[in-house]
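Participant: got a predicted structure here, sequence first:
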Amino acid sequence: MKMAEQIEQKLRQAFAPVHVQVDDESYMHASGPHAQSHFKVTLVTDQFAGKRLLQRHRAINQLLADELQQIHALALHTYTPDEWQGQAPDSPNCMGGGGNCLGWGIPASGGRMDRRPHSPSISK
């Protein structure tokens with residue numbers, strides 16, 4: 001089973017969503033289109049009513065703990081049915097250079113993240 005299908009199956013079972021979408025966005029990154037390393041989840045469920053964003057994300061992270069050991073990035077867009085506008089925001093383009101993903105100093109090999117934004121050299 002592909003990672004996106006595995007993630008979606010777990011989300012459906014745990015949250016009984018009104019809407020769930022799991023996009024494999026690995027193709028947008030240095031890891032390549034078949035890496036199954038970068039995912040975007042859009043989840044709309046009544047179970048998020050009265051819960052803060054952090055609580056929603058923690059619930060998903062706990063559910064997907066095993067999957068998070070195998071992937072590099074998981075973008076979460078969580079809504080109640082009342083909050084849902086029909087579409088999650090687009091993901092930004094990969095800004096990495098030299099094998100870095102999103103310009104945050106994350107090697108495509110999955111090395112440590114140093115959280116310093118990548119700034120290209122400027123020649124004068």
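Facilitator: Received, thanks.

Participant: show me the shaky parts of the protein.
Facilitator: Within the chain, the stretches with pLDDT under 70 are 1, 26-37, 92-124.

Participant: hey, where'd the helices end up in it?
Facilitator: 3-15, 53-63, 65-68 (DSSP state H).

Participant: which among the ones you listed is found nearest to Pro89?
Facilitator: For Pro89, the closest of the helices of the chain is helix 53-63, at 14.1 Å, according to C-beta to C-beta. Quick note: C-beta positions are derived from backbone N, CA and C, even for glycine.

Participant: could you tell me the angle between the closest one and helix 3-15?
Facilitator: Here the directions of helix 53-63 and helix 3-15 differ by 110 degrees (axes from the mean of the first three to the mean of the last three C-alpha atoms, to 10 degrees).

Participant: which non-adjacent residue is nearest Leu53?
Facilitator: Thr78 (6.8 Å; C-beta to C-beta, 6 or more residues apart in numbering).

Participant: quick one on the thing from earlier: how about the helices of the chain in TSV, adding mean neighbour count and distance to Phe39?
Facilitator: Converted to TSV, the helices of the chain look like this (neighbours: other C-beta atoms under 10 Å; distance: least, C-beta to C-beta, whole Å):
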stretch	mean neighbour count	distance to Phe39
helix 3-15	16	6
helix 53-63	14	11
helix 65-68	12	9
